[in-house]
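**Student:** Pasting the sequence and the predicted model now:
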Amino acid sequence: MTTQEKEANVEIKKFVASIGITLDRFISQRQQEFPYAKGELSQILRDIGLAAKVVNKAIMGSGLIGIEGPAGERNVQGEEQQKLDVVANMRFIRALTKGQEVCAIISEEDEEMIDTGNHEAKYIVAMDPLDGSSNIDANVPIGTIFSIYRRKSPVGTPPTTEDVLQKGANQVAGGYVLYGSSMILTYTTGYGVNGFTYDHTIGEFILSYPNMKIKELGSIFSYNEGNYNDFSEGTKAYLTYCRNQKYTARYIGSLVADFHRNLLKGGIFFYPATSKSPNGKLRLLYECNSLAFVIEQAGGKATDGKRRILDIEPHDIHQRSPLIIGSSAMVDDVMQFIKNEQFH
Ligand SMILES: O=P(O)(O)OC[C@H]1O[C@](O)(COP(=O)(O)O)[C@@H](O)[C@@H]1O
Ligand SMILES: [Mg+2]
Ligand SMILES: [Mg+2]
């Protein structure tokens, strides 16, 4: 072999080595750690990755192909649906149905549970197909949030509401996709949190954030200042404490983006009960549960101000919950301030 060929070989090896592990390979490697695993959950994670690629393409080109703006319908929450809410919803439902490993889906955009017809399938998916809808047209990062559960009803029968009304602690996987300056898929199956960045030059998600951990004590606090007057005295007292600590205030208004930033940098996000949303604004089954699973696996905490989010028994697929989530020491501090308010 000539020197040139040897050098070229070295370059090729270097290039190949520089490509991190792909999501696909990571999933397969992890699956081997569970001898009983048959690949169904792996397939669902792949289906989510596929749908995310398609949705990302639609988002990137939305201004060019006229899918910005309202769709002219309202969803079950009474919110005006954006065209991209509808597109993302369709794409994720299609990918999960065609993947054949999911028997039922609940979505922010659908009033009722969706029976996919895959009655032999063992899994349920709860999803917020497009999170941060109010930011779509402003080109601000948005996301997708998902939770995966094992069904409770017998395989081979139609899924029931009992299958979808499960507490967060029953999740077998939870995560989100962030559509920002780059697309990042982050998830946990209960064995740590890993983040994958999409490399569009090779069309693959590449492991870029292995074994993510959140700082015990961060210095970012994140909430909608416009709701301040509605907050409880304890929450207001904590916000004063944050200001006195010279913490940094950051609020994007897309839950996934605010969450991801705090996960990387350390911080706390909260959307408490307000007069407009007495039970909080965010939805337990397809916004709070998944992020609570991820944050706990990263060493943080998530509460509704009274209970651990993952212990809340749901009674309605679209029920809302106050959410306080992030660095464990900061969540403990808020809880202390809330506890103290009862004594004043
Ligand atoms: O505009 P507000 O009241 O601050 O609410 C922002 C919150 O609402 C949401 O946009 C709700 O999610 P959807 O966009 O999926 O409906 C969150 O992403 C975000 O954290
Ligand atoms: Mg949302
Ligand atoms: Mg949404």
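**Tutor:** Arrived safely. Residues are numbered from 1 along each chain as shown. Ligands and ions are numbered 1, 2, ... in the order given.

**Student:** only C-alpha atoms for contact and neighbour calcs from this point on.
**Tutor:** OK.

**Student:** and this structure, which residues reach ligand 3?
**Tutor:** Near ligand 3, the residues belonging to the chain are Asp128, Leu130, Asp131 when assessed by C-alpha under 5 Å from the ion.

**Student:** Can you convert those residues into TSV and add a column each for secondary structure and pLDDT?
**Tutor:** Conversion of the residues of the chain next to ligand 3 to TSV gives the following (DSSP: H, G, I helix; E, B strand; the rest coil; pLDDT from 0 to 100):
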residue	secondary structure	pLDDT
Asp128	strand	98
Leu130	strand	97
Asp131	strand	98
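
**Student:** quick one: which of those residues is nearest ligand 1?
**Tutor:** Taking C-alpha to the nearest ligand atom as the measure, Asp131 is the one of the residues of the chain next to ligand 3 closest to ligand 1, at 3.4 Å.

**Student:** sec struct for the nearest residue to that closest one once chain neighbours are set aside, please.
**Tutor:** Distances taken as C-alpha to C-alpha, 6 or more residues apart in numbering put Gly143 closest to Asp131, at 4.8 Å, once the chain neighbours are dropped. Secondary structure state of Gly143, per DSSP: H, G, I helix; E, B strand; the rest coil, is strand.

**Student:** Near Gly143, how many other residues are there?
**Tutor:** The tally of other residues near Gly143 (other C-alpha atoms under 10 Å) stands at 26.

**Student:** Let me see the ranges of the helices in the stretch 151-300 of the chain.
**Tutor:** All helices of the stretch 151-300 of the chain, identified by DSSP state H, counting those that start in this stretch, fall at 161-164, 233-244, 255-265, 289-297.

**Student:** Can you give me the buried ones in the second one?
**Tutor:** Same thing as helix 233-244. Glu233, Gly234, Thr235, Lys236, Ala237, Tyr238, Leu239, Cys242 (16 or more other C-alpha atoms under 10 Å).

**Student:** just checking, the last one touches Ser222?
**Tutor:** No - under the criterion of C-alpha atoms under 8 Å, Cys242 is not in contact with Ser222, lying 10.4 Å apart.

**Student:** Wait, Asp258 touches Ile268, no?
**Tutor:** No - with contact defined as C-alpha under 8 Å, Asp258 does not reach Ile268; the gap is 9.2 Å.

**Student:** Looking at these two, which one has more neighbours?
**Tutor:** Neighbours per residue (other C-alpha under 10 Å) separate Asp258 from Ile268, with Ile268 holding more: 30 against 22.

**Student:** Next one: the more buried one from Lys246, what distance?
**Tutor:** Plainly put, Ile268 is 14 Å away from Lys246 if you go by C-alpha to C-alpha, to the nearest Å.

**Student:** The residue nearest to Ala51 when sequence neighbours are not counted is in what secondary structure piece?
**Tutor:** Of all residues beyond its chain neighbours, the one nearest Ala51 is Phe92 (5.4 Å), with distances taken as C-alpha to C-alpha, 6+ apart. When elements are assigned from DSSP states H and E, Phe92 belongs to helix 83-98.

**Student:** That helix near ligand 1 at all?
**Tutor:** No - residues of helix 83-98 are not located near ligand 1 by C-alpha under 6 Å from any ligand atom, the shortest gap being 8.3 Å.

**Student:** Using PDB, write down the CA coordinates of that helix.
**Tutor:** Presented in PDB, the C-alpha positions along helix 83-98 are these (Å, rounded to 0.1, in the frame of the first residue of the first chain):
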ATOM      1  CA  LYS A  83     -51.500  24.000  10.500                       C
ATOM      2  CA  LEU A  84     -48.200  22.500  11.900                       C
ATOM      3  CA  ASP A  85     -50.100  21.000  14.900                       C
ATOM      4  CA  VAL A  86     -52.300  19.100  12.400                       C
ATOM      5  CA  VAL A  87     -49.400  18.100  10.200                       C
ATOM      6  CA  ALA A  88     -47.300  16.900  13.200                       C
ATOM      7  CA  ASN A  89     -50.300  15.000  14.600                       C
ATOM      8  CA  MET A  90     -50.900  13.200  11.400                       C
ATOM      9  CA  ARG A  91     -47.300  12.300  10.900                       C
ATOM     10  CA  PHE A  92     -46.800  10.800  14.300                       C
ATOM     11  CA  ILE A  93     -50.100   8.900  14.200                       C
ATOM     12  CA  ARG A  94     -49.200   7.500  10.800                       C
ATOM     13  CA  ALA A  95     -45.600   6.500  11.800                       C
ATOM     14  CA  LEU A  96     -46.800   4.800  15.100                       C
ATOM     15  CA  THR A  97     -49.700   3.100  13.400                       C
ATOM     16  CA  LYS A  98     -47.600   1.800  10.500                       C
END
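
**Student:** to the chain's geometric centre, what's the distance from that helix?
**Tutor:** 16 Å (C-alpha atoms, centre = their mean, to the nearest Å).

**Student:** What residues of that helix count as buried?
**Tutor:** Residues of helix 83-98 classed as buried by neighbour count (16+ other C-alpha under 10 Å): 83-89, 91-93, 95-97.
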